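1. coords please:
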Amino acid sequence: MRLRGWWLVLLAACAAPEAEPAFTAAHRAAIVDSVSQRLDAFRAAVATMTPDSIAPYYVADSTLRWIEDGVVRYTSRAEIAAALQEAAPFMRDAQLLYDGTTITPLAPGVASIVTGFAQKFTLPDGTRGGFAGAITAVMVHTAEGWQFQTGHTSSAGRPREGGDSTAVS
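-> Numbers count the residues shown, from 1 in each chain. Down below sits the predicted model:
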């Protein structure tokens, strides 16, 4: 009978799932730091206006979804690169600014980003333009570093009559 009790203990020990490593405060802080660095690198890539420099910041698999103003615009890295290539002749330079960025570690290798943004550019004739709004995104850590997996960009609309604009300037 005693032997039977040991078999039950051994069976229970073998069947118990391995404990996952703790998602510590230090790990969360490291994620915030590395995602912040990656966003800075993305901003620098945008300034190059080179699709080959910008597209690798997006996942290369079928999970990519990028939404603009409520419409799914891109579902692949190739679509993003093509859109950038199409826009390149119409801009002489570009600048991306962030405002009030919040990075939230969700799990090891996964973080959400919420930020205001302003996209400024110069047209070939020297005219300056731009737009602003908000970005929400999920970044995942891959072999290529932190990449956007899903995201949503909303452009700030005109202020309502009697209301204030929340656009980033």
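2. what about stretch 113-133, distance to the chain center?
-> 18 Å (C-alpha atoms, centre = their mean, to the nearest Å).
3. contacts for that stretch?
-> 35, 39, 89-104, 134-139, 153-156, 166-169 (C-beta atoms under 8 Å, 6 or more residues apart in numbering). Bear in mind the C-beta positions are built from the backbone N, C-alpha and C, glycine included.
4. just checking, which of those residues belong to strands?
-> When DSSP state E is applied, those are split such that 93-104, 134-139, 153-155 fall in strands.
5. which of the contacts of stretch 113-133 are buried?
-> 35, 39, 94, 96, 98, 103, 134-135, 137-139, 153, 156, 167-168 (16 or more other C-beta atoms under 10 Å).
6. in this structure, which spans are helices?
-> 2-15, 25-48, 51-54, 77-87 (DSSP state H).
7. what about those helices, which gets the closest to D61?
-> Closest to D61 of these, according to C-beta to C-beta: helix 77-87, at 8.7 Å.
8. now do the closest one against helix 25-48: the angle between them, please.
-> Between helix 77-87 and helix 25-48, the angle comes out at 40 degrees (axes from the mean of the first three to the mean of the last three C-alpha atoms, to 10 degrees).
9. against which helices or strands is helix 77-87 packed?
-> helix 51-54, strand 71-74 (3 or more C-beta pairs under 8 Å, 6 or more residues apart in numbering; DSSP states H and E).
10. send me it as PDB with only the CA atoms.
-> Output of helix 77-87 as PDB, limited to C-alpha atoms (Å, rounded to 0.1, in the frame of the first residue of the first chain):
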ATOM      1  CA  ARG A  77       5.100  44.000 -44.900                       C
ATOM      2  CA  ALA A  78       5.100  44.000 -48.700                       C
ATOM      3  CA  GLU A  79       2.000  46.200 -48.800                       C
ATOM      4  CA  ILE A  80       3.600  48.700 -46.400                       C
ATOM      5  CA  ALA A  81       6.800  48.800 -48.500                       C
ATOM      6  CA  ALA A  82       4.800  49.300 -51.700                       C
ATOM      7  CA  ALA A  83       2.800  52.200 -50.100                       C
ATOM      8  CA  LEU A  84       6.000  53.800 -48.900                       C
ATOM      9  CA  GLN A  85       7.600  53.400 -52.400                       C
ATOM     10  CA  GLU A  86       4.500  55.000 -53.900                       C
ATOM     11  CA  ALA A  87       4.600  58.000 -51.600                       C
END
